[in-house]
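> below are the sequence and a predicted model; questions follow.
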Amino acid sequence: MVKNFYIINYGCQMNVYDNEIIISILTKNNYSYVNDISKADIILINTCSIREKAEITVINKLIYLNSLKRTRKIYIGILGCMARRIQRFIKIKKSIIDFIVGPDNYRELPNIIKSIEDNRYFVNVLLSNEETYSNIFPSKIYNNNKVTSYVTISRGCDNMCTFCVVPFTRGRERSKSPKVIIKECEKLYNSGYKEITLLGQNVDSYLWTPENYIKKYIYNKKKAIDFSCLLEMIAKKFNDLRIRFSTSNPHDMSIKVLKIIKKYNNICKYIHLPVQSGSNRILKLMNRKYNRLEYINLIDNIRKIIPECAISYDIITGFCTEIEKDHIDTLNLMKYVVYDFGYMFMYSHREGTYSYRNLKDNVPLIVKKRRLNEIINLQREHSYKRLKGYINTVQNVLIEGISKKDKNYWYGRNSQNSLIVFKKNNENIGDYVNIKILKNTSATLIGEIIKYY
Ligand code: 5AD
Ligand code: SF4
């Protein structure tokens with residue numbers, strides 16, 4: 001019987017959390033997780049489909065693994081977002097891949113692995129309206145950082161942004177019960193974790209109703225728990241646990257949520273608020289459900305209610321039909337907000353999405369690249385400026401690990417999620433320290449310890 005499994009991970013924080021779920025399911029069924037590929041009988045690849053490049057990386061990895069397959073007996077399984085799409089790469093499918101399991105079918109993994117041992121090729125990529133892995137506590141052996149952890153609060157997405165494959169790869173949005181979420185936080189808290197990040201494709205549309213949480217448009221408002229309630233419940237119950245959340249959607253983020261962030265010290269003052277474009281015309285084509293002015297109003301409200309809050313974003317450049325004026329609108333919006341940080345992407349035309357079916361990917365690559373460079377350069381200036389603002393301030397930092405550049409330095413983060421490095425004394429990972437900020441680059445703050453918290 002095959003025993004040892006190894007996971008290759010691509011993609012977002014959701015996949016990291018799902019790996020913990022997978023490990024939990026398989027280890028309960030007598031499989032062993034190994035972190036050395038040469039000891040594995042089963043190699044699971046948790047995949048991402050968001051951009052073409054992510055899929056190409058997986059395909060290249062599969063070609064490499066196929067060479068490994070010729071030297072010894074291994075089984076290869078494709079998991080995650082590419083599961084429903086991998087069959088497009090029909091030529092490599094049969095010879096290299098032994099099984100394909102979508103994000104809602106991980107409970108089936110033990111049975112599937114048994115059946116492939118009988119030489120059966122297996123595919124289960126059905127999406128579910130209910131699966132939230134509620135009763136499975138994610139295994140923490142995958143993540144050897146014992147300080148910060150993820151807690152998924154919802155799965156899937158109903159937003160249907162026209163460029164995005166997520167609604168097709170991860171299915172309908174469903175929220176996990178607050179009881180289960182709190183239990184998960186409690187377990188992490190009791191085992192010494194200092195920070196949790198609540199995860200959802202769109203945390204602001206989190207909604208739990210006792211009657212039927214799927215029917216989120218027909219519910220009893222008094223009994224329903226929305227994201228602001230959930231956030232407050234967790235912040236109150238674990239008042240020295242740092243709480244982060246991702247991702248917020250400008251269309252759904254409420255003033256109520258902002259007030260809760262303000263009210264509780266342990267909720268980090270950092271919001272990741274993808275804008276995607278600064279042009280009204282493009283936002284409409286993207287089906288983002290907010291316009292430039294509404295986004296700016298939300299930014300103004302964040303600044304008014306939580307002045308110390310850091311804000312980051314996602315931007316897609318070169319979306320179908322984007323002209324220079326749209327691009328300039330995006331740059332101008334960035335100049336208005338002066339974001340602390342950003343994730344910037346060139347548009348990737350994804351088969352199956354609305355934009356793929358209905359719009360033309362007509363911005364030449366060279367133009368996409370130039371616009372992306374302009375965005376990156378502007379962001380670098382802004383990040384530098386924002387970080388410079390911390391010089392001579394004292395930041396409360398949670399130590400997360402040893403700096404990669406110099407083992408005599410720790411790295412950690414402040415509430416605003418800025419990366420801070422400073423010289424080690426006698427601290428431990430997981431300690432809070434107060435750091436006086438002395439210098440900065442466009443990505444890092446450098447400081448020194450002034451006293452223990
Ligand atoms: N092309 C480029 N970027 C994309 N994203 C989502 N779909 C695409 C696409 N087709 C980006 C969005 C999203 C982030 C997770 O990935 O900015 O917020
Ligand atoms: Fe994709 Fe839009 Fe949902 Fe984000 S909100 S996962 S971009 S469909």
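Yep, that arrived. Numbers count the residues shown, from 1 in each chain. Ligands and ions are numbered 1, 2, ... in the order given.

> show me what contacts the residue in the stretch 351-453 of the chain that ligand 1 sits nearest to?
Residue nearest to ligand 1 within the stretch 351-453 of the chain (CB to the nearest ligand atom): Thr353, separated by 6.7 Å. Glycine gets a C-beta too; all of them are placed from N, C-alpha and C. Contact analysis of Thr353 by CB atoms under 8 Å, 6 or more residues apart in numbering lists 162-165, 168.

> can you tell me which of the residues you listed lies nearest to Glu232?
Lowest distance from Glu232 to these (CB to CB) belongs to Cys164, with 29.7 Å.

> anything in the one helix or strand Ile21 maps to near ligand 1?
Per DSSP states H and E: Ile21 is located in helix 13-28. No. Applying CB under 6 Å from any ligand atom, one finds helix 13-28 separated from ligand 1 by no less than 10.2 Å.

> where do the helices sit along this structure?
13-28, 52-69, 90-96, 109-117, 166-169, 178-190, 227-237, 255-263, 280-285, 292-305, 324-337, 354-358, 365-388 (DSSP state H).

> how much space separates Ile153 from ligand 1?
In this view, Ile153 and ligand 1 are 17 Å apart by CB to the nearest ligand atom, to the nearest Å.

> pull the helix or strand with minimum mean pLDDT from this protein.
helix 90-96 (a mean of 66; mean pLDDT, DSSP states H and E).

> low-confidence ranges in the stretch 101-250 of the chain?
Residues of the stretch 101-250 of the chain that meet the criterion pLDDT under 70 lie in 144, 211-222.

> could I get the full set of strands for it?
122-124, 148-152, 154-155, 174-175, 195-199, 207-208, 225-226, 242-246 (DSSP state E, counting those that start in this stretch).

> partners of the second one, with directions?
Take DSSP bridges as the rule and strand 148-152 pairs in its sheet with strand 195-199 (parallel).

> the partner strand near ligand 1 anywhere?
No. Strand 195-199 is not in contact with ligand 1 by CB under 6 Å from any ligand atom; minimum separation 12.4 Å.

> what's the burial count for the closest residue to Arg371 other than its chain neighbours?
Using CB to CB, 6 or more residues apart in numbering and skipping the chain neighbours, the partner closest in space to Arg371 is Thr317 (4.5 Å). Number of residues near Thr317 (other CB atoms under 10 Å) recorded here: 26.

> pLDDT at Thr317, what is it?
Note on Thr317: pLDDT of 98.

> could you chop the protein up by domain?
4-124, 148-387, 394-452 (automatic domain parsing).

> enumerate the residues of the stretch 201-350 of the chain near ligand 1.
274, 276, 314, 316, 345, 347-348, 350.

> highest neighbour count among those?
Most surrounded of these: other CB under 10 Å gives Ile316, at 26 neighbours.

> which pLDDT value goes with the residue of the stretch 351-453 of the chain closest to ligand 1?
At Thr353, pLDDT is 96.

> give me the phi and psi angles of it.
For Thr353, the backbone dihedrals (degrees, to the nearest 10) come out as phi -80, psi 170.

> mean confidence for stretch 438-453?
Stretch 438-453 comes out at a mean pLDDT of 88.

> using CSV, write down the CA coordinates of it.
Written as CSV, here are the backbone C-alpha positions of stretch 438-453 (Å, rounded to 0.1, in the frame of the first residue of the first chain):
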residue,chain,number,x,y,z
LEU,A,438,15.7,54.2,11.9
LYS,A,439,15.8,53.6,8.2
ASN,A,440,13.7,52.3,5.3
THR,A,441,13.9,50.9,1.8
SER,A,442,10.8,50.7,-0.5
ALA,A,443,9.9,47.3,1.0
THR,A,444,11.4,47.2,4.5
LEU,A,445,11.7,49.1,7.7
ILE,A,446,15.0,48.8,9.7
GLY,A,447,15.0,49.6,13.4
GLU,A,448,16.2,48.7,16.9
ILE,A,449,14.6,47.3,20.0
ILE,A,450,13.6,49.8,22.6
LYS,A,451,11.9,47.6,25.1
TYR,A,452,9.8,44.5,25.6
TYR,A,453,6.1,44.7,25.4
